[in-house]
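> Pasted the sequence and its predicted model underneath.
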Amino acid sequence: MRTRHGEAVLLRPVTAEDVPAPMPMFHDAVTTRLTGGHDDGEPDEAQLRAWYGTRGGQDGRLDPAVVERATGRVVGEAVLHDWDGDDASCGFRIRLVPGTFGPGLGTEATRLIVG
């Protein structure tokens with residue numbers, strides 16, 4: 001994946017080093033429920049580092065980090081998953097850190113990844 005630049009956010013490949021910044025979104029019950037999270041407990045940092053560390057090598061999905069350009073802080077993820085080449089279709093999920101909702105970061109990230 002190449003980095004996509006918007007005015008307020010950029011999307012770039014997620015790495016294991018990104019994990020500390022978005023940890024609050026994995027502990028937010030509403031965000032987890034609305035993004036299809038599982039009821040098997042909250043992930044710990046080691047589990048998330050292992051998961052994020054493998055995202056670049058996955059077929060059928062794209063897991064970029066959403067980075068707020070003004071601060072350089074990772075504020076979430078925008079994910080395309082379950083790619084079906086025959087139908088040219090996939091699922092989409094965006095998840096942001098609580099407290100970053102409202103200024104249009106998610107809207108711009110959605111436009112960048114879907115565009």
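Sure thing, it's come through.

> I'd say residue 11 and residue 112 touch.
Yes: using Cβ atoms under 8 Å, residue 11 is in contact with residue 112, at 5.2 Å. C-beta here means a position set from N, CA and C on the backbone, and glycine is covered the same way.

> shared neighbours of the two, which are they?
Shared between the contact lists of residue 11 and residue 112 (criterion: Cβ atoms under 8 Å, 6 or more residues apart in numbering) are residues 4, 78.

> Spit out the contact partners of the nearest residue to residue 105 once chain neighbours are set aside.
Excluding the flanking residues, the one nearest residue 105 by Cβ to Cβ, 6 or more residues apart in numbering is residue 9, at 5.3 Å. By Cβ under 8 Å, 6+ apart, the contact list for residue 9 reads 66, 67, 68, 69, 75, 105, 108, 109, 112.

> phi, psi of the third one?
It stands for residue 68. phi -70, psi 120 (degrees, to the nearest 10).

> which secondary element of the protein has the worst mean pLDDT?
Lowest mean confidence among the helices and strands of the chain (mean pLDDT, DSSP states H and E): helix 29-34, at a mean of 67.

> got the buried residues for the helix or strand following that one?
Next along the chain after helix 29-34, taking DSSP states H and E as the criterion, comes helix 45-52. Within helix 45-52, the residues scored as buried using 16 or more other Cβ atoms under 10 Å are 48, 49, 52.
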